[in-house]
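1. Predicted structure and sequence below. I'll ask about it afterward.
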Amino acid sequence: MGFYLGMVALGIAAGVLAGLAGVGGGIIIVPVLVFLFGFTQLKAQGTSLAVLLPPIGIMAAIAYAKRGEVNWRAAALIAGGLVLGSIFGAKIALGLPQATLKKIFGGILFLASLRYLLMR
């Protein structure tokens, strides 16, 4: 699969999963960029963050909102925290070795998946 077609396919897959399960694009985009497209962890994370700059999830959020399934106050507060946290997180990530960064990312995915798999 060519680079351009692969990137579009990845975007579609991440969008479907975001709309379906509410997962952030980074959970899908970062591993695919690293393992299938050979990006470094930092390049994958930076690219994923750049993807999120425009209002990617707006259409899915509108669909959920029409059914009353969005807490706008919580979303606004989280977004504010996300702005602040992303500044500090980026500075920390840029100072870490690639291997450490991959372990942190993998650990977050592992803990999240374990939590969901064990839920009742």
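-> Thanks, I have it.

2. Only C-alpha atoms from now on, for both contacts and neighbour counts.
-> Will do.

3. Flag the shaky bits of this structure, pLDDT-wise.
-> 1, 24, 53-56 (pLDDT under 70).

4. Which helix runs longest in it?
-> The longest helix of the chain (DSSP state H) is helix 72-94.

5. Check which helices and strands that one sits against.
-> Helix 72-94 sits against no helix or strand, with contacts defined as 3 or more CA pairs under 8 Å, 6 or more residues apart in numbering; DSSP states H and E.

6. quick one: buried residues of that helix?
-> For helix 72-94, the neighbour count (16 or more other CA atoms under 10 Å) marks Ala93 as buried.

7. continuing past it, what's the next helix or strand?
-> Moving toward the C-terminus from helix 72-94, the next helix or strand (DSSP states H and E) is helix 98-117.

8. contacts for the helix or strand that Lys43 is a member of?
-> For Lys43, the host element (DSSP H and E) is helix 41-51. With contacts defined as CA atoms under 8 Å, 6 or more residues apart in numbering, helix 41-51 is touched by 25-26, 29-31, 33-34, 93-94, 98, 101-102.

9. Would you mind writing the CA trace of that helix as CSV?
-> What follows is helix 41-51 as a C-alpha-only set of coordinates in CSV (Å, rounded to 0.1, in the frame of the first residue of the first chain):
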residue,chain,number,x,y,z
GLN,A,41,8.1,7.0,18.5
LEU,A,42,8.6,10.8,18.7
LYS,A,43,7.8,11.3,15.1
ALA,A,44,4.6,9.2,15.4
GLN,A,45,3.5,11.1,18.6
GLY,A,46,4.2,14.5,17.0
THR,A,47,2.4,13.5,13.8
SER,A,48,-0.6,12.2,15.8
LEU,A,49,-0.8,15.4,17.7
ALA,A,50,-0.6,17.4,14.5
VAL,A,51,-3.6,15.4,13.2
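
10. No more questions from me, cheers.
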